[in-house]
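Q: based on what follows, work out the 3D shape:
(chains A and B)
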Number of protein chains: 2
Amino acid sequence: MTLMLRVAVGVTALLFAQTVFAAGDPLPSWNDGAAKQRIVNFVKAVTDPTSKDHVTPEERIAVFDNDGTLWSEQPAYFQLLFAIDRVKALAPQHPEWKTTQPFKAALEDDMETLAASGQEGLLELVKASHAGMTPEEFKQIVSDWVATAKHPRFERAYTDLVYQPMLELLSYLRENGFTTFIVSGGGIEFLRAWSNRVYGIPPEQVIGSSIKTKYELQDGEPTLLRLPEVNFINDKTGKPVGINQHIGRRPLAAFGNSDGDLQMLGWTTAGDGRRFGMIVHHTDAEREYAYDRHSSIGRLDKALDMAADNDWVVVDMKTDWNRVFPFQK
Amino acid sequence: MTLMLRVAVGVTALLFAQTVFAAGDPLPSWNDGAAKQRIVNFVKAVTDPTSKDHVTPEERIAVFDNDGTLWSEQPAYFQLLFAIDRVKALAPQHPEWKTTQPFKAALEDDMETLAASGQEGLLELVKASHAGMTPEEFKQIVSDWVATAKHPRFERAYTDLVYQPMLELLSYLRENGFTTFIVSGGGIEFLRAWSNRVYGIPPEQVIGSSIKTKYELQDGEPTLLRLPEVNFINDKTGKPVGINQHIGRRPLAAFGNSDGDLQMLGWTTAGDGRRFGMIVHHTDAEREYAYDRHSSIGRLDKALDMAADNDWVVVDMKTDWNRVFPFQK
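A: Residues are numbered from 1 along each chain as shown, chains lettered A, B, ... in the order given. Modelled structure (predicted):
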């Protein structure tokens, strides 16, 4: 074959492959129904150049909560379980923790006392377990934990407990020119250690809560040091603030699962033109967990009441998803 | 023509166009010399898959200071001139400014008194002129100013005073798989109002100093409000901190022009593997400005001393650039 013919054949094969893909279902783990249809309708509306709702790719910003939206958050936020494991690992250097709360509770897996210690108690654990090292060192600690720790119920790596339908949704949006961001109440550097591998979301597209970091020279070497001091809480009213700080524009679509996502959903869908808001409702105790208004983790109460008025899609995990985790067939 | 032949012709045209471009000089405003050669050598080393210095595109992060590195900063930081114009526009609502510093100095174009008021005085101007509106409203105010204000010496829009060689460098890096970020001591939202149009750098790739933003409901509408309160100063030791917060990894290459970029340059080039640091030295009073160790704006003193030891490229604007601004031929 001449070069030109070979190129022609190659291009034709490529075009054919794309046609086949386009004909396939990009969201196979979503049952046909209102939720799936509304996702597809929204994406078509904003990407079709002839649509009145069309927007350029650079405006196609989609933001995703993480805990309970992209991966599980039961029986406790996975990052809390990481912090407890870290406290246990560091305990030999801190004999005083045996008698000081919330460390005593962490060492004894006393989740009730931990929960009762509230946000302040949890921040104490975070400060003790997440600070005092460089970002690179912290990343390594998280990576090691993710590679070895197992979820108590599913006995699998925590990063296996991501939702297959949401992975498909992330890919579907990206294939349609969207940039996907994580906007989590969880720690920004905790997420960045594995978000690219697991979600295809690189570090610069992760927004989260943070502790302060300090630049200093260590033996003449420029270094960043993580400090036991809160920098920013990226939750509730903090989510729109964090989005604006990192992205500099209002998203086109927002995905959450709890009242912590209410302001993010509200600010996103109050923007001009066509917008999209979605709530993952945990209704499947068998395949995952069932909880909403009365859960201390991922409480979904006000946001559920507001969904109808704001035209947010509420996904019923049990009926809308034919598969929850990648390892469940 | 058959479809296949038409595709073949199209592809051949495309390949030909790329070949022509590759044969052309991507940095035509750079004179042949050590600076240009070192840029090209670095890019080849990290992009050539057979090179021991090769890194994947996702690690190709390049960070650029703005004032004095991408656009001029004389006779004063352009954002300060914007703040002064805002203070003048708002003065009718603030009769007390006629007798209060630093506002009196701003209203009277008394740059000496303004400079003497130091960082604190300048922050007073910023708080009075940059807060009290939504990010969208602020963006509009900046856009209007950029469209109408003129530089006192060159009598052109401030966004015309960008450096042609640096625009070429931004494009050259992006064509080689780099993601380009602005890392400025200037205001993040001020820069975002025009960075995409002028530099091809979208809002989410702009890092800068910021004031605090607050989420609130205004008549039931979710809204962000800019507050007259400093959030973060992205200068000197703040630059590595800001980079880590926004990008989540150490850059591969850093470009600056003053001692405010010293820590960013140091932290970047102290990373493992091949790195690149560059300083733009303002040596051309005729085409632009000449200043370094004794300038109150963009002082380049310690960083100039450290350049040789750290192997940073020092660009001599006068001899390394055959063109400074796009409008100068």
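
Q: backbone dihedrals for the spatially most central residue of chain A, please?
A: Centroid-nearest residue in chain A: residue A:66, 2.0 Å away (criterion: Cα atoms, centre = their mean). Main-chain dihedrals, residue A:66, degrees, to the nearest 10: phi -100, psi -60.

Q: per-residue pLDDT of the nearest residue to it once chain neighbours are set aside, please?
A: In this structure, residue A:66 finds its nearest non-sequential neighbour in residue A:184, 3.9 Å apart by Cβ to Cβ, 6 or more residues apart in numbering or on different chains. The way it works is simple: take the backbone N, C-alpha and C, and place the C-beta from them, glycine included. Here, the pLDDT recorded for residue A:184 equals 98.

Q: residue A:184 reaches residue A:67, doesn't it?
A: Yes: under the criterion of Cβ atoms under 8 Å, residue A:184 makes contact with residue A:67 at 6.6 Å.

Q: of these two, who's got more company?
A: Applying other Cβ atoms under 10 Å in any protein chain shown to residue A:184 and residue A:67 shows that residue A:184 carries more neighbours, namely 28 against 24.

Q: quick one: which helix or strand includes that one?
A: Following DSSP states H and E, one finds residue A:184 within strand A:179-187.

Q: how about residue A:213?
A: Here residue A:213 is assigned to strand A:206-218, by DSSP H and E.

Q: swap in residue A:170?
A: Counting by DSSP H and E, residue A:170 is part of helix A:164-175.

Q: tilt between that helix and strand A:179-187?
A: 140 degrees (axes from the mean of the first three to the mean of the last three Cα atoms, to 10 degrees).

Q: give the contact list for the residue nearest to residue A:66.
A: Taking Cβ atoms under 8 Å, 6 or more residues apart in numbering or on different chains as the criterion, residue A:184 is in contact with A:65-67, A:191, A:206-209, A:234.

Q: quick one: the residue nearest to residue A:262 when sequence neighbours are not counted from residue A:51, how far?
A: Excluding the flanking residues, the one nearest residue A:262 by Cβ to Cβ, 6+ apart is residue A:303, at 4.4 Å. Plainly put, residue A:303 is 29 Å away from residue A:51 if you go by Cβ to Cβ, to the nearest Å.

Q: the two: which is more packed in?
A: residue A:303 (26 against 12).

Q: OK, contacts around that one?
A: With Cβ under 8 Å, 6+ apart, residue A:303 has these contacts: A:256, A:258-259, A:261-262, A:265, A:279, A:312.

Q: how many neighbours does residue A:92 have?
A: 8.

Q: helix, strand or coil for it?
A: Look at residue A:92: counting by DSSP: H, G, I helix; E, B strand; the rest coil, its state is helix.

Q: what about residue A:191, neighbour count?
A: 25.

Q: my bad, residue A:97
A: So residue A:97, with other Cβ under 10 Å, has 19 neighbours.

Q: check residue A:260 too.
A: So residue A:260, with other Cβ under 10 Å, has 23 neighbours.

Q: got it, and residue A:133?
A: 14.

Q: next: residue A:116.
A: Counted with other Cβ under 10 Å, residue A:116 comes out at 12.

Q: could you measure from it over to chain B?
A: Distance, residue A:116 to chain B, using Cβ to the nearest Cβ, to the nearest Å: 29 Å.

Q: tell me the contacts of that residue?
A: Going by Cβ under 8 Å, 6+ apart, the list of residues near residue A:116 is empty.

Q: need the per-residue pLDDT for it.
A: 88.

Q: can I get stretch A:129-138 in PDB, CA atoms only?
A: Once non-C-alpha atoms are left out, stretch A:129-138 reads as follows in PDB (Å, rounded to 0.1, in the frame of the first residue of the first chain):
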ATOM      1  CA  SER A 129      -2.100  12.300  61.900                       C
ATOM      2  CA  HIS A 130      -1.900  14.500  58.700                       C
ATOM      3  CA  ALA A 131       0.700  17.100  59.700                       C
ATOM      4  CA  GLY A 132       4.400  17.200  60.400                       C
ATOM      5  CA  MET A 133       5.700  16.000  57.000                       C
ATOM      6  CA  THR A 134       6.100  17.200  53.400                       C
ATOM      7  CA  PRO A 135       3.200  16.800  50.900                       C
ATOM      8  CA  GLU A 136       5.300  14.200  49.100                       C
ATOM      9  CA  GLU A 137       5.700  12.200  52.300                       C
ATOM     10  CA  PHE A 138       2.000  12.500  53.200                       C
END
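
Q: buried ones in that stretch?
A: A:129-131, A:135, A:138 (16 or more other Cβ atoms under 10 Å in any protein chain shown).

Q: just give me the closest of the residues you listed to residue B:222.
A: For these, the closest approach to residue B:222 (Cβ to Cβ) belongs to residue A:130, at 30.7 Å.

Q: hmm, residue A:142 and that closest one touching each other?
A: No: at 9.2 Å, residue A:130 does not count as touching residue A:142 under the criterion of Cβ under 8 Å.

Q: joint contacts of those two?
A: Common neighbours of residue A:130 and residue A:142 (Cβ under 8 Å, 6+ apart) are A:189-190.

Q: hey, where'd the helices end up in chain A?
A: A:3-23, A:34-47, A:78-90, A:103-107, A:111-116, A:118-130, A:135-148, A:164-175, A:188-192, A:195-199, A:238-247, A:262-269, A:302-310, A:317-320 (DSSP state H).

Q: what about the longest one, average pLDDT?
A: Just to be clear, that refers to helix A:3-23. So the average pLDDT for helix A:3-23 ends up being 45.

Q: could you do stretch A:254-261 as well?
A: 98.

Q: next: stretch A:54-69.
A: For stretch A:54-69, the mean confidence score works out to 98.

Q: where does chain A have low pLDDT?
A: Applying pLDDT under 70 to chain A flags residues A:1-23.

Q: next, the angle from the strand holding residue A:184 to helix A:262-269.
A: Using the same axes, to 10 degrees: strand A:179-187 against helix A:262-269 is 160 degrees.

Q: just the CA coordinates for strand A:179-187, please, in PDB.
A: C-alpha atoms of strand A:179-187 as PDB (Å, rounded to 0.1, in the frame of the first residue of the first chain):
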ATOM      1  CA  THR A 179     -13.700  19.000  32.800                       C
ATOM      2  CA  THR A 180     -14.500  17.000  35.900                       C
ATOM      3  CA  PHE A 181     -13.500  18.200  39.400                       C
ATOM      4  CA  ILE A 182     -13.800  16.700  42.800                       C
ATOM      5  CA  VAL A 183     -15.200  19.100  45.400                       C
ATOM      6  CA  SER A 184     -15.000  17.300  48.700                       C
ATOM      7  CA  GLY A 185     -15.300  18.100  52.400                       C
ATOM      8  CA  GLY A 186     -12.400  15.500  52.700                       C
ATOM      9  CA  GLY A 187      -8.800  16.400  52.700                       C
END
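
Q: starting from that strand, tell me which strands it pairs with and how they run.
A: strand A:61-64 (parallel), strand A:206-218 (parallel) (DSSP bridges).

Q: how big is the angle separating that strand from helix A:118-130?
A: 100 degrees.

Q: what bridges to residue A:162?
A: residue A:71.

Q: one step back: and the residue nearest to residue A:66, how far from residue B:322?
A: 49 Å.

Q: go on, residue A:288?
A: Relative to residue B:322, and taking Cβ to Cβ, residue A:288 is found at 63 Å.
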